[in-house]
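*Asks:* Sharing a model prediction with you, sequence too.
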Amino acid sequence: MSAETKSPSEAKSTDRREFLRTSAFTVVAGGVLAACGRGASNSAVVAARPTADSDQSGGAMAAHPAVPSATAAADEMDRMHEAGIKAFPAKTTGLGNQLLAPKIVAGVKVFELTASAISWETTPGVKVAAFAYNEQVPGPQIRVTQGDRVRIILKNNLPESTAIHFHGLELVNAMDGVPFITQPPVKPGQSFTYEFTVPNSGTHMYHSHHNSTKQVGMGLLGAFLVAPKETTEYERADIDHVMVLNDGFHGYTFNGKSFPATQPIVAKLGQKVRIRFMNEGMMIHPMHLHGMHMTVFAKDGWTLPAPWRCDTLNVAPGERYDVIVNCNNPGTWAFHCHILPHAESDHGMLGMVTALIVQA
């Protein structure tokens, strides 16, 4: 048999080697990595064939479908961040921390608080189950003067018992508001009256002290502010802003709202703003102000002997701090908790974010 003549079996073997060689070249040239094993299909070879330039990339071997570029992903993240900023301050139903005017009965300032279950909107379109005083979260803001005689009438319309503790006020024991220690629980449908002469001035709070993890976390809390008998320089601030921090069932909130539904503080250039921080939550919140510093002059209602300055202030659960901001730097300044997951994500700002707006 001559060298030019091949048996049928040799011819088949040569054809098979040629097929495998050319097929492998085609697959590699097309950028497809495939394992040639038993039972492999021809899909890899088909995928490697030149196709129409459907993604307009300019090459016949372009990937299909096209993978989104890094720029497109960044643009989408930026769009969400911008949308949140442009929505601020967003409108929602309900506003908490509203000043409650007392009735004067025989020289006694009388405040009525009704605890009930409601639906509360924290951000646009997000409604949560809440426990509230007078259908607002936080509850109504109570302002009195040191030495006032006050009467707080609590009516319980909740499906569970409750009580009110006046956090920071140094009251007689019977008015401290802790069930089974100073009073019986106020059962559903019942009322209880707290009455006392206001002993110490400062920034204080009132909240439930019964099943409090749930009840305070759902909104049974409020500001109890006591002016001193003698006016101090701090009482003469141009703006007095109360900021109640919470991190319970409603997420991360300022005065019952989450960004972009939080309310900004608006001041004019040269004005002094007093901010009263009070933490009703279960986490520490380092509050950070951009552009200007804060002068801390009181803690837990007590004036500090040596005020100090900072731009970030740790406010632990139960703590209250009073600060003064001299608004000497015009612009819109971010104001937020600096535990970053409480304030921002890839979708934009959220939760504990607001702004101090200083108008020139």
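*Replies:* Looks like it came in fine. Numbering: from 1, shown residues only.
*Asks:* Quick check: phi and psi on Gln215?
*Replies:* phi -70, psi -40 (degrees, to the nearest 10).
*Asks:* wait, isn't it in contact with Thr162?
*Replies:* Yes - shown here, Gln215 and Thr162 form a contact pair, counting by Cβ atoms under 8 Å, at 6.2 Å. For every residue, glycine as well, the C-beta is placed using N, CA and C.
*Asks:* From Thr253, how far out is Leu350?
*Replies:* Here the criterion is Cβ to Cβ, to the nearest Å. By it, Leu350 lies 11 Å from Thr253.
*Asks:* Of those two, give the one with the bigger neighbour count.
*Replies:* Comparing Leu350 with Thr253 by other Cβ atoms under 10 Å, the one with more neighbours is Thr253, at 27 against 19.
*Asks:* From Gly219, how far out is the more buried one?
*Replies:* Between Thr253 and Gly219 the computed distance is 9 Å (Cβ to Cβ).
*Asks:* Over to Glu195?
*Replies:* Applying Cβ to Cβ, the value for Glu195 to Gly219 is 25 Å.
*Asks:* rewinding a little: what do Gln215 and Thr162 both touch?
*Replies:* Both Gln215 and Thr162 are contacted by Ser208, under the criterion Cβ atoms under 8 Å, 6 or more residues apart in numbering.
*Asks:* and the spatially closest residue to Tyr133 that is not a sequence neighbour, how many neighbours?
*Replies:* Spatial nearest neighbour of Tyr133, excluding adjacent residues (Cβ to Cβ, 6 or more residues apart in numbering): Gly139 at 3.1 Å. Gly139 has 30 neighbouring residues, counting by other Cβ under 10 Å.
*Asks:* In a strand, Gly139, correct?
*Replies:* No - using DSSP: H, G, I helix; E, B strand; the rest coil, the assignment for Gly139 is coil, not a strand.
*Asks:* dump the residue contacts of the closest residue to Met283 other than its chain neighbours.
*Replies:* Closest residue to Met283 apart from its sequence neighbours, by Cβ to Cβ, 6+ apart: Asp247 at 5.0 Å. Asp247 sits next to Thr253, Gly281, Met282, Met283, His285, His342 when contact means Cβ under 8 Å, 6+ apart.
*Asks:* Now with 10 Å, please.
*Replies:* By Cβ atoms under 10 Å, 6 or more residues apart in numbering, the contact set of Asp247 is 217, 253, 279-285, 317, 337, 339, 342, 351-352.
*Asks:* now Thr145
*Replies:* Neighbour list for Thr145: Lys109, Val198, Ser201, Leu225, Val226, Ala227, Pro228, Lys229 [criterion: Cβ under 10 Å, 6+ apart].
*Asks:* and the last one, how many neighbours?
*Replies:* This points to Lys229. Lys229: 10 neighbours (other Cβ under 10 Å).
*Asks:* Compare Glu195 and Gly219 (neighbour count), which wins?
*Replies:* With neighbours defined as other Cβ under 10 Å, Glu195 and Gly219 compare such that Gly219 has more, 32 against 14.
*Asks:* Show me what Thr162 bridges to in the sheet.
*Replies:* Going by DSSP bridges, Thr162 is paired in beta bridges with Val186.
*Asks:* thought it was touching Ala115?
*Replies:* Yes - applying Cβ atoms under 10 Å, one finds Thr162 in contact with Ala115, separated by 5.6 Å.
*Asks:* what is in contact with the two at once?
*Replies:* Taking Cβ under 10 Å, 6+ apart as the contact rule, the neighbours common to Thr162 and Ala115 are Phe131, Leu154, Asn156, Val186, Pro188, Ser208, Gln215, Leu220.
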